[in-house]
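**Student:** Sequence and predicted structure, then a few things I'm wondering about:
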Amino acid sequence: MPTRKSGMKHVRADKKKRDRNMQRKSALRTVLRQTESAIADGEMEQAQELYRQAASHLDRAAGKGVIKKGMANRKKSRLAHDMNKITAA
């Protein structure tokens, strides 16, 4: 019985997708960690710039299906809430 080669293309494509998604998630986590650190240190200007980057990464990841839309919105909301706290203080 001949072997099916068509399934192998999906395996290769899935590996590429997995690698790309892992890179996106890693970059996202890095920006989130930097933003949270800037907020904790009270560096408002840096925190605002990093928040813009984090929001962009979150929206892009949600659009690509790496994370769910609700998770992206929840994380943006929590970051904004923390930034508003240090602004008011």
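**Tutor:** Here it is on my side, so go on. Computed from a predicted model, the values in this text were never measured in an experiment.
**Student:** Can you mark which positions in stretch 20-32 are buried?
**Tutor:** For stretch 20-32, a neighbour-count test (16 or more other Cβ atoms under 10 Å) marks Arg24, Leu28, Val31, Leu32 as buried. Yep, even glycine has a C-beta here, placed from its N, CA and C like the rest.
**Student:** Helices - which of those land there?
**Tutor:** Taking DSSP state H, the ones among the buried residues of stretch 20-32 that sit in helices are Arg24, Leu28, Val31, Leu32.
**Student:** The closest residue to the first one other than its chain neighbours: neighbouring residues, count only.
**Tutor:** Read it as Arg24. Leaving aside its sequence neighbours, Arg24 sits nearest to Val66 (Cβ to Cβ, 6 or more residues apart in numbering; 5.0 Å). Val66: 20 surrounding residues under other Cβ atoms under 10 Å.
**Student:** again, but for Asn73
**Tutor:** Neighbours of Asn73 using other Cβ under 10 Å come to 13.
**Student:** Would you check how far apart it and Val31 are?
**Tutor:** Going from Asn73 to Val31 by Cβ to Cβ, to the nearest Å gives 16 Å.
**Student:** re the thing from before, let me have the buried residues of stretch 20-32 in TSV, adding distance to Ala88 and pLDDT as columns.
**Tutor:** As requested, those are exported to TSV (distance: Cβ to Cβ, whole Å; pLDDT from 0 to 100):
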residue	distance to Ala88	pLDDT
Arg24	33	97
Leu28	27	97
Val31	24	98
Leu32	22	98
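**Student:** Tell me the spacing between the residue sitting nearest the centre point of the chain and Ser37.
**Tutor:** By Cα atoms, centre = their mean, the chain has its centre lying nearest to Leu28, at 3.2 Å. Distance, Leu28 to Ser37, by Cβ to Cβ: 15 Å.
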